[in-house]
Structure formats: C-alpha cells, structure tokens
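Q: just the structure for this:
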Amino acid sequence: MQRSDFLSPLAAMLMVSALSGPALAQTAFAPAPLTPEDVGSGPRLIYLHNEYPATLDPQNTSAFVGQLAMEMFDTLVTYEIDPATGIADQTKIVPRLAESWEISDDNKTLTFHLNPTAKFWDGSAVTAEDVYWSIERALVGRMGWGTTQIETGGIFAVDQMEIVDPQTLKITYPDGLGRYSLRNFASMSLTVMSKAACEAGRGEGDEWCVDWIKTHAMGSGPYMLGDQQSGEYIIAVANKDYWGDAKPYYSEVMFRVVPDAQTRMLLLESGEAQIGFLTPNEYSVLQNSPNAKVFSVPSQQDVAVLRWKPDTAPFDDPKIREAVIRAIPYDRLVAEVCRGFCTPVQNLVGVNTPGYAANPLFTTDIEAAKALVAESGYAGNVPGFEVPVVNGSTNMAAGIIIQDALREIGLDMQIKPLTQNAFDDIAWGKRDLKVSIHSMGPWWNDFMYWAYWMYRSDSATNHIQYSNPTLDKDVLAALLVPQDDEADYMVLQNEVLGILNGEYLAAPLFQVNWNVAVSSQICDVNKFPWGTIAFSWLRPCA
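A: The predicted structure follows:
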C-alpha cells in the first residue's frame with residue numbers, strides 16, 4: 001500500500017510535516033550561544049502530557065518522567081547532535097559529567113574522570129560516590145526499567161565498580177566492554193542523583209529513596225525541580241548557575257497535564273502551549289496550522305506488536321497464533337490508526353534496522369485465518385481473551401481495529417481500558433499480561449536489544465513473562481558482539497527471529513514514528529533516544 005503522506009522507511013532526518021512560513025522551517029540545528037544575562041531569561045514553555053507521573057524516579061520511569069529526567073539530572077556522557085537533522089548521533093559520544101575516560105588495552109576496564117566544576121543544585125560537588133550510588137541503587141534496589149538498562153551495558157554487580165578518588169570511577173567488565181557499555185552512560189537510567197540529598201530526605205525503611213523521589217529530586221542538570229501540583233503540573237526552573245554547556249534559555253518549563261488529546265491540540269494551535277505529544281488525529285490537523293509544526297521520523301527498531309503468552313488459552317494452540325497473525329488488517333492499522341504518522345513494517349525487525357526483510361507471514365489473509373481456526377484444537381469453541389490498554393491511547397485505537405478483524409474469524413478479544421498508572425502497575429510492576437499491545441521505544445537501533453527487553457526471561461519489559469533458554473542465551477551473547485562485527489551478530493539475530501516468527505509469537509502492527517508538535521516560534525528542536533528533547537538547547541526562532 002502506498003500513500004503520499006507516508007515518510008520513507010529509510011528517512012535519516014527529522015522532517016517538518018508542514019512549512020507554511022519562514023518561521024516554521026528548521027534548516028539546521030545551531031543554537032545561539034547565551035551570555036550570562038541570557039541564561040534563564042526567556043519566557044515559560046508549556047509542555048503538555050496526558051497523565052501525571054506516579055514518581056519522578058529516573059530509573060523506574062514513564063515518558064513524562066523520562067523527559068523530566070534528562071532536564072533535571074546529568075549523565076556521564078551524551079551524544080553529539082547532528083547539525084543537519086537535530087537528531088542525537090549515538091555513534092558520537094561526547095563528555096557531560098565525565099570530562100574524559102579511558103578504556104584499557106584488554107578492553108575490560110573503563111575509567112571515568114568527572115568534571116570538577118560539576119555541581120548539584122545545592123552547590124555540592126558531583127562525585128564518583130554519587131555515580132557509584134546511583135548505579136548501586138538500580139542494581140541492588142531492582143528499579144525495573146533502570147536495572148535492565150544498566151545490565152544491557154554489562155554492569156550486573158556493584159563489585160564491578162571502584163571509586164578511585166572523588167573524581168574518578170573505574171568499572172570492570174570481566175567479559176570485556178560490550179556493544180553498549182560506553183554509550184549506555186548517556187541513558188536516563190544512568191542519570192546521576194545526589195546520594196547526600198537522598199539520605200537527608202528519605203524516611204525510615206526507604207533505603208533507596210523510592211518514596212522520597214516520588215516528589216523530590218536533587219540533580220545537577222540545566223533545569224531544577226520547582227513547584228508541583230499533584231495531578232495537574234510540575235514546573236522545572238532554569239538553573240542559571242548550570243555548570244554544563246547546554247545553558248537553558250527558557251526560564252521555566254511547565255509540564256502540564258491535559259488528559260484529552262484534542263484539548264492539547266487546541267492549546268498548541270492557539271499558542272497557549274508550546275510542546276506536546278498527541279495522537280495521529282491531532283497531528284494531521286496541526287500540520288496545517290501556521291502556529292505549530294509537526295516533526296515525524298521512524299523511531300529506531302520501535303515496532304509495535306501484538307504479543308501473547310503462548311501457554312495461555314487460546315494461544316497455547318499454534319494454529320490460533322498463526323490465525324491471529326493472518327487476520328490482522330495491517331494496511332488498515334497504518335491508514336486509520338497512524339494517519340501517515342507511522343511506517344509500514346513486515347517483520348519484528350524495524351524497517352531501518354540492520355537485518356530487515358519483509359516476511360510474507362505478516363500479510364492479511366482472512367480466509368487462511370479462518371481455515372487455521374477450523375484446524376485448531378479449539379475449532380468451534382475458541383476461548384475469549386482480554387487485552388489491557390491505556391484508555392484513549394494509540395494502542396486502544398489499534399486494539400479496536402484488531403478486535404473487529406478477529407471477530408470475523410470467530411475470536412472474541414475484549415479490550416480492558418486502564419489509566420496509564422494502572423496499566424504500568426500490571427505491565428511493569430507485576431509483569432502480568434497474557435496478551436499485550438506494546439511498543440517500547442528502544443534506546444538502540446538493534447533488533448537483539450529489542451528482543452532482550454521484550455522477551456528475555458527477567459526483563460522488565462517482558463510483560464507476558466515469556467521464557468526461552470536459547471533466546472536468553474543469544475540476547476546476552478549479542479550484547480558482547482562489537483558494533484562492526486555484523487556477521488556474528490546476524491547469526492544470533494536470525495536464530496532469535498526464527499524462534500519468534502517460527503513459533504508465531506507476535507504480530508508486528510507498524511513501526512512507530514517519533515512525532516511531536518512544537519510552536520512555530522521555537523527552533524533548534526532536537527531528538528534524543530527514547531523520544532526526549534533537550535530543552536536546554538531550544539531557542540526562539542529568529
């Protein structure tokens with residue numbers, strides 16, 4: 001299927017969906033340097049989100065908190081932003097809290113040297129002890145998302161770390177630095193928090209500040225935690241004394257909760273808000289507005305899937321699993337759910353990810369699906385099943401279309417709408433979904449990294465608790481394959497893909513695009529992994 005408003009699957013740049021005037025065009029990423037008087041002197045930005053976060057914890061986070069985390073906390077390293085596109089280039093690692101680092105000749109030791117000018121908001125120095133404690137917190141405290149992310153970089157135990165002196169931290173990798181070891185230190189799971197602030201503020205029994213950090217923070221980033229009203233807004237205030245390079249221009253960012261997507265769109269269109277994440281319906285309207293611009297690009301290896309636990313009825317029958325895959329109306333999902341703001345995909349591998357090849361298995365064939373149901377052990381009496389989704393989300397819209405298609409082959413799929421926090425508790429807290437519609441926003445553009453998160457037995461994102469020893473072995477081995485060793489990596493990838501596709505364990509619905517609506521008066525829009533924008537680089541358009 002072809003539509004003129006689809007973005008190319010091989011798009012390598014951030015594209016502006018509509019250009020109705022010179023102020024809307026972003027021809028390059030080139031933030032103007034700020035004088036000391038300019039820092040924090042700009043107006044307030046209003047960022048719209050659909051739901052208030054349950055915690056401000058950067059290691060056990062949601063999309064809302066992920067954006068906050070990258071403003072309030074610093075990481076040891078970060079990525080250089082491509083000036084032609086505004087997209088952070090993960091292959092170009094540059095200093096942040098660490099002013100330098102060394103890797104030993106045997107590739108088993110990574111030593112960071114902290115910038116001595118780095119300060120927390122209270123004026124205290126950022127030390128190697130803070131870095132150690134922030135990582136220890138995730139590894140020992142088991143913080144869910146953050147723990148798994150740290151482990152993908154090859155740190156599994158605190159005894160791999162050594163504080164050499166207040167500005168130096170050494171990390172040992174017994175099997176050698178892996179595919180993600182260095183660049184992982186730019187992820188929000190490895191943001192550095194103040195150990196002293198936690199110890200001073202935590203309550204009895206709250207060893208890892210889980211309760212304290214729900215509403216408190218002490219970071220070293222360009223924006224500081226300001227006023228907050230539970231359920232309504234959180235304000236981040238410019239750190240005028242920020243020690244780093246990315247000095248903030250805008251005085252405040254109000255993270256405002258507006259549950260209804262259409263209301264968020266109207267606030268953006270009227271100029272009452274400046275940044276918002278919406279649904280495809282609203283993006284399709286805003287792309288024609290003179291007051292806003294919509295950025296859209298395929299996200300790396302971010303394939304939205306319908307997946308199921310294969311030992312749960314009716315998915316314990318492989319013919320039912322294949323029937324569901326054959327019945328899904330893939331073209332209709334892209335056209336009606338995405339409205340051109342996602343990308344068609346015919347595999348669990350993303351269209352711009354190494355190893356992608358269209359698989360004819362993922363083609364709609366209702367008659368073949370009906371025949372498979374008739375051949376199954378459940379013929380004539382297929383048990384119904386339930387799919388929990390976030391109310392009003394894109395996943396719910398996809399679920400309704402899939403529900404309609406499955407009824408045509410005799411399957412009863414019930415949709416259970418939940419709030420984001422309620423869904424997070426079941427999916428992330430309990431990992432207790434039998435069937436799931438999910439896109440995870442991978443940090444790296446690697447299929448095996450995606451498979452590690454989605455299907456490894458102990459992964460926080462393995463919401464269906466699937467387990468396969470061969471897959472577990474392969475995704476761990478892939479972490480150690482160097483980036484330039486494509487042949488060995490593909491051997492592992494093909495084996496895992498063979499398990500997932502060969503056993504009919506998931507259906508790729510579409511490749512998610514990173515979409516955002518931004519005021520036409522704001523330039524130097526940028527994209528970091530996991531869909532965050534570095535607000536400290538934003539500037540008013542000339």
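Q: grab the longest strand from the chain for me.
A: If you go by DSSP state E, the chain has its longest strand at strand 292-308.
Q: then it to CSV, C-alphas only?
A: Taking C-alpha atoms only, strand 292-308 is exported to CSV below (Å, rounded to 0.1, in the frame of the first residue of the first chain):
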residue,chain,number,x,y,z
ALA,A,292,2.7,24.9,15.0
LYS,A,293,4.9,22.4,13.2
VAL,A,294,4.9,18.7,13.4
PHE,A,295,8.1,16.7,13.4
SER,A,296,7.9,13.0,12.4
VAL,A,297,10.5,10.3,11.8
PRO,A,298,10.5,6.5,12.1
SER,A,299,11.8,5.5,15.5
GLN,A,300,14.7,3.1,15.6
GLN,A,301,13.6,-0.6,16.0
ASP,A,302,10.3,0.7,17.6
VAL,A,303,8.0,-2.0,16.2
ALA,A,304,4.5,-2.0,17.8
VAL,A,305,3.4,-5.6,18.3
LEU,A,306,0.5,-7.7,19.5
ARG,A,307,2.1,-10.5,21.5
TRP,A,308,0.8,-13.2,23.7
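Q: partners of it, with directions?
A: Strand 292-308 has the following sheet partners, assigned by DSSP bridges: strand 15-16 (antiparallel), strand 435-438 (antiparallel), strand 506-519 (antiparallel).
Q: pick the most deeply packed of the ones you listed.
A: Between the strands paired with strand 292-308, the one whose residues have the most neighbours on average, counting mean count of other CB atoms under 10 Å, is strand 506-519 (a mean of 24). Where C-beta positions appear, they are placed from N, C-alpha and C, glycine not excepted.
Q: that one: how far from the chain's middle?
A: For strand 506-519, the separation from the chain centroid amounts to 11 Å (computed by CA atoms, centre = their mean, to the nearest Å).
Q: what's the answer for stretch 116-130, then?
A: Counting by CA atoms, centre = their mean, stretch 116-130 comes out at 27 Å from the chain centroid.
Q: now do the SS call for Met458.
A: Residue 458: Asp, not Met. At Asp458 the chain is in coil, as set by DSSP: H, G, I helix; E, B strand; the rest coil.
Q: give me the number of residues near it?
A: Using other CB atoms under 10 Å, the number of residues around Asp458 comes to 12.
Q: how big is the angle separating the longest helix that the chain contains from strand 506-519?
A: Of all the elements of type helix in the chain, the one with the most residues (DSSP state H) is helix 486-502. Inter-element angle recorded for helix 486-502 and strand 506-519: 110 degrees (by axes from the mean of the first three to the mean of the last three CA atoms, to 10 degrees).
Q: buried residues in helix 486-502?
A: Applying a neighbour-count criterion of 16 or more other CB atoms under 10 Å, one finds Tyr489, Met490, Leu492, Gln493, Val496, Leu497, Ile499, Leu500, Asn501 buried in helix 486-502.
Q: how much space between the first one and Ser270?
A: Yep, that's Tyr489 we're talking about. Note on Tyr489: its distance to Ser270, by CB to CB, to the nearest Å, is 49 Å.
Q: could you say which helix or strand holds Glu252?
A: strand 250-257 (DSSP states H and E).
Q: which helices and strands sit right next to that strand?
A: Based on contacts counted as 3 or more CB pairs under 8 Å, 6 or more residues apart in numbering; DSSP states H and E, the elements that strand 250-257 packs against are strand 42-49, helix 63-72, strand 233-238.
Q: what's the offset of the very next helix or strand once past the longest strand of the chain from the middle of its chain?
A: For strand 292-308, the succeeding helix or strand toward the C-terminus, using DSSP H and E, is helix 318-327. Taking CA atoms, centre = their mean, one finds the center of helix 318-327 at 29 Å from the center of the full chain.
Q: what mean pLDDT would you report for the helix or strand just after helix 318-327?
A: As assigned by DSSP H and E, the chain's next helix or strand after helix 318-327 is helix 330-332. For helix 330-332, mean pLDDT is 96.
Q: got it, and stretch 530-542?
A: With pLDDT averaged residue by residue, stretch 530-542 scores 90.
Q: flag every buried residue along that stretch.
A: Using 16+ other CB under 10 Å as the test for burial, stretch 530-542 gives Trp530, Gly531, Thr532, Ile533, Ala534, Phe535, Ser536, Trp537, Leu538, Arg539.
Q: show me the contacts for the second one.
A: Meaning Gly531. Ala63, Gly66, Phe277, Ser299, Gly441, Trp514, Val516 (CB atoms under 8 Å, 6 or more residues apart in numbering).
Q: so what's the gap between stretch 479-489 and the chain middle?
A: Per CA atoms, centre = their mean, the displacement of stretch 479-489 from the mean C-alpha position of its chain is 23 Å.
Q: residues in contact with stretch 144-157?
A: With CB under 8 Å, 6+ apart as the test, stretch 144-157 has contacts from 57-61, 135, 138-139, 141, 161, 171, 173, 175, 177-178, 180-181, 184-185, 187-190, 428-429, 443, 449, 452-453, 458-461, 479-480.
Q: ok, of the contacts of Gly531, which come out buried?
A: Ala63, Gly66, Phe277, Ser299, Gly441, Trp514, Val516.
Q: Lys370: which of those residues is nearest?
A: Ser299 (34.0 Å; CB to CB).
Q: need the contact list for the closest one.
A: Contacts for Ser299 (CB under 8 Å, 6+ apart) come out as Gly350, Gly441, Pro442, Gln511, Val512, Asn513, Trp514, Gly531.
Q: next: Asp82.
A: Residues in contact with Asp82, defined by CB under 8 Å, 6+ apart, are Phe29, Ala88, Asp89.
Q: rewinding a little: right, and the strands paired with strand 292-308 - which one's nearest Glu408?
A: Distance to Glu408, taken as CB to CB, is lowest for strand 506-519 among those, at 15.5 Å.
Q: need the next SSE after the closest one, C-terminal direction.
A: Downstream of strand 506-519, the next assigned helix or strand under DSSP H and E is strand 522-523.
Q: following that next one, which helix or strand shows up next?
A: Along the chain past strand 522-523, the next helix or strand (assigned with DSSP H and E) turns out to be strand 539-540.
Q: what's the straight distance from one end of stretch 186-205 to the other?
A: The stretch stretch 186-205 measures 30 Å between its terminal residues, going by CA to CA, to the nearest Å.
Q: in it, which residues are buried?
A: 186-198, 202.
Q: next one: stretch 233-247
A: Neighbour counts using 16+ other CB under 10 Å place Tyr233, Ile234, Ile235, Ala236, Val237, Ala238, Asn239, Tyr242, Trp243, Gly244, Ala246, Lys247 of stretch 233-247 among the buried residues.
Q: ok, so of those, who is nearest Val126?
A: Using CB to CB as the measure, the one of the buried residues of stretch 233-247 that approaches Val126 most closely is Trp243, at 8.6 Å.
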